[in-house]
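Asker: 3D model of this:
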Amino acid sequence: MNPAHPNHKSSTCRLLLSVLLLMTGNLPAAESTSPPPAKIEHPVKESDLTKVVLTAEAVNRLGIVTTTVEKRGLMRTRLFGGEITLPALNASANSNSQSVYTILPSLAPAELVRLAQSQIDADGQVEQAKVQVQAAQIALNRTEQMRRDKVGTERSVDDARIQLGLAEANLKTAYERRDLLGPALLDVNNRSTFWVRVPVYVDDVSGLNTTAQARVGGLKDSPENVSRPAVPVAAPPSANPAAATVDLFYAVKNSDTSLRPGQRVGVSIPLRSDDENLVVPWSAIVHDVSGGSWIYQVLETNRYMRRRVQVLRVVDDQAAITGDIMAGIEVVTSGVAELYGTEFGVGK
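Answerer: Okay, here's the model as predicted:
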């Protein structure tokens, strides 16, 4: 037979294909006999963690205080960057208008000096206009008295009234010019209240509760961040078209004189949200060396077990958490660090 015959080649290909399929079919059986790549000995579930049992004396010595986990609404906030500015409300007592948004933090020192000089000149013009109003009022009173005494004319009274009107108009103009120059620079160090300007992306404004009180503190979002309350104020509208942001303004007390114009701060603004979460005091949370968050659940009198939780957010001294827990269980809120040390042999 000729080896190159087509039927002979076809038979050889079918034979090779059968051998390959047979070898491939036996591979899983060979792999199944190999040992697993990893083996876990004595696995422990988190529900079977060590339980801490204290005596009544130890409970008193560690200062253990407990509370109940609640499910309720906890205000959600979002951190924005803000800038301390001087109040844009005018400083004159006889005017009800508002000055334009102050740009003092962005001015150079030489420009600030020139602005302070302009403010002093404007203050002098206001005082001069006040004197003119007083003089015009006195002149009007005198001419009216002379008319009543039959020694004056009606025309002189009309002239005096016109002069008084002109003086009052000049005073109003002087106030408005002074308002455009912003708060007095010489009084900056004595300011007990500052404003905070917060640029917010336009699409984020609808999700913010802009009428609620905010918190002003550092630029990091952490429970240790010391903050102070800030009240929303009605300020002249301002925005940045290039950044697609609008400005929100808040008034913040500066009784400790720690704030400075132009200083960058973090502003936590409440969100519009009605969702409910499990809430515990922040003092009930303890962290391990790996950053894990835990609470100690009270199983029964003087008997405690550590439970893992995840902190969703922290508002003031309250923390919203989630995990294998439920509302109504009792947790430790004071003496948590001492209890954690006791569990690992380093406590009192």
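Asker: Quick check: end-to-end length of stretch 243-259?
Answerer: One end of stretch 243-259 sits 26 Å from the other (CA to CA, to the nearest Å).
Asker: and the gap between residue 61 and residue 210?
Answerer: Between residue 61 and residue 210 the computed distance is 49 Å (CB to CB, to the nearest Å). In this view, the C-beta of every residue, glycine as well, is placed from N, C-alpha and C.
Asker: ok, and what's touching stretch 331-348?
Answerer: Stretch 331-348 is contacted by residues 50, 52, 54, 58, 61-69, 280-281, 283-286, 294-298, 304, 306 when judged by CB atoms under 8 Å, 6 or more residues apart in numbering.
Asker: Check stretch 320-327 too.
Answerer: Contacts for stretch 320-327 (CB under 8 Å, 6+ apart): 46-47, 68-71, 74, 277-280, 285, 293, 295, 297, 307-314.
Asker: 6 Å instead?
Answerer: Under the contact criterion CB atoms under 6 Å, 6 or more residues apart in numbering, stretch 320-327 has outside partners 69, 71, 74, 277-279, 307-313.
Asker: I'd like the residues you listed laid out as CSV, including pLDDT.
Answerer: Listed next are these as CSV, based on pLDDT from 0 to 100:
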residue, pLDDT
69, 93
71, 89
74, 79
277, 87
278, 91
279, 93
307, 91
308, 92
309, 93
310, 93
311, 91
312, 86
313, 81
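Asker: name the element the spatially most central residue of the chain belongs to?
Answerer: In the chain, the residue lying closest to the centroid (CA atoms, centre = their mean) is residue 268, at 1.0 Å. Element membership for residue 268 (DSSP states H and E) is strand 264-270.
Asker: can you check residue 230 too?
Answerer: strand 228-232.
Asker: give me the number of residues near residue 82?
Answerer: By other CB atoms under 10 Å, 28 other residues sit near residue 82.
Asker: Across the sheet, point out what pairs with it.
Answerer: Beta bridges link residue 82 to residue 265, judged by DSSP bridges.
Asker: what does residue 232 give?
Answerer: residue 250.
Asker: okay, it: pLDDT?
Answerer: For residue 232, the pLDDT comes out at 94.
Asker: now swap in residue 103 and tell me
Answerer: 53.
Asker: Equivalent analysis for residue 183, please.
Answerer: So residue 183 comes in at 69 (pLDDT).
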